[in-house]
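In: next come a sequence and a model predicted from it.
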Amino acid sequence: MHILVTGGAGYCGSVAVAKLRAAGHSVVVFDNLATGFRAAVDPGAAFVQGDLRDADAVTRLFQQERAFDGILHFASASLVGESMRQPLHYLRDNLIGATNLLEQAVSHGVERFIFSSTANLFGAPDAIPIPPDAPVTPGSPYGGSKYFIERTLHWFGQVYGLRYACLRYFNAAGATAQLGEAQQPP
């Protein structure tokens, strides 16, 4: 499969890229390197530096690549505490980036989409593990932005038939000997 991974230079994205490459998939990473590192991208993956908030850059990406069989969307501003100080940055930028990506995805016939969401959708949950029917009450603007994107995916599924899955996790696990959370370049 030919897969697009947004945020593929970050922690979760770079691990996903490495796993996809190991499974024999062709991968294109699209990342603005705001919090990710070029050195974290699997050398067998194509790398395009760009920002999802730039609709023209996203359009060019889809025009220049052969059709993607699926997208894994990890790119976003993702710090809960910072989102409480800069809510517009999260509410605006995460949603604009995702909608630019989704617009091009459906216009280019992408049928599969995996979204890196968050367990912050549940604020302070009543129970751990969080049951599937727990009420969605985002605990921050970051969580709110992810909820808006999930609802957008719902409507893209209804209107365009996009098949999607939302990964709602707390702190991610899955670091490898080579890849993990990095505050400094690897």
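Out: Great, that's in hand.
In: use CA for all of it now, contacts and neighbours both
Out: OK.
In: let's check: the centremost residue of the chain is which one?
Out: Centroid check for the chain by C-alpha atoms, centre = their mean gives residue 74 as the closest residue, at 2.1 Å.
In: isn't that one up against residue 12?
Out: Yes - the criterion here is C-alpha atoms under 8 Å, and residue 74 meets it with residue 12 at 7.1 Å.
In: what sits against residue 80?
Out: 140, 141, 142, 143 (C-alpha atoms under 8 Å, 6 or more residues apart in numbering).
In: and with 10 Å instead?
Out: 86, 87, 90, 120, 139, 140, 141, 142, 143 (C-alpha atoms under 10 Å, 6 or more residues apart in numbering).
In: okay, the residue nearest to the centre of the chain: pLDDT?
Out: Looking at residue 74, its pLDDT stands at 97.
In: thinking it is in contact with residue 146, fair?
Out: No - taking contacts as C-alpha atoms under 10 Å, residue 74 lies outside contact range of residue 146: 11.1 Å.
In: find residues that contact each of the two.
Out: 98, 115, 116, 117.
In: which ones among the residues you listed are found in helices?
Out: residue 98 (DSSP state H).
In: dump the shared contacts of residue 74 and residue 146 to a markdown table, plus pLDDT.
Out: As requested, the shared contacts of residue 74 and residue 146 are exported to a markdown table (pLDDT from 0 to 100):
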| residue | pLDDT |
| --- | --- |
| 98 | 98 |
| 115 | 98 |
| 116 | 96 |
| 117 | 95 |
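In: which of the contacts of residue 80 count as buried?
Out: Buried members of the contacts of residue 80, scored by 16 or more other C-alpha atoms under 10 Å, are 87, 90, 120, 139, 140, 141, 142, 143.
In: quick one, helices of this protein?
Out: Under DSSP H, the chain gives helices at 11-22, 55-64, 80-85, 87-107, 141-160.
In: pLDDT wise, what is residue 153 at?
Out: 98.
In: how about it, what does it touch?
Out: 98-99, 102, 113-115, 147, 159-160, 162-166.
In: wait, isn't residue 75 in contact with residue 7?
Out: Yes - between residue 75 and residue 7 there is a contact under C-alpha under 10 Å: 3.9 Å.
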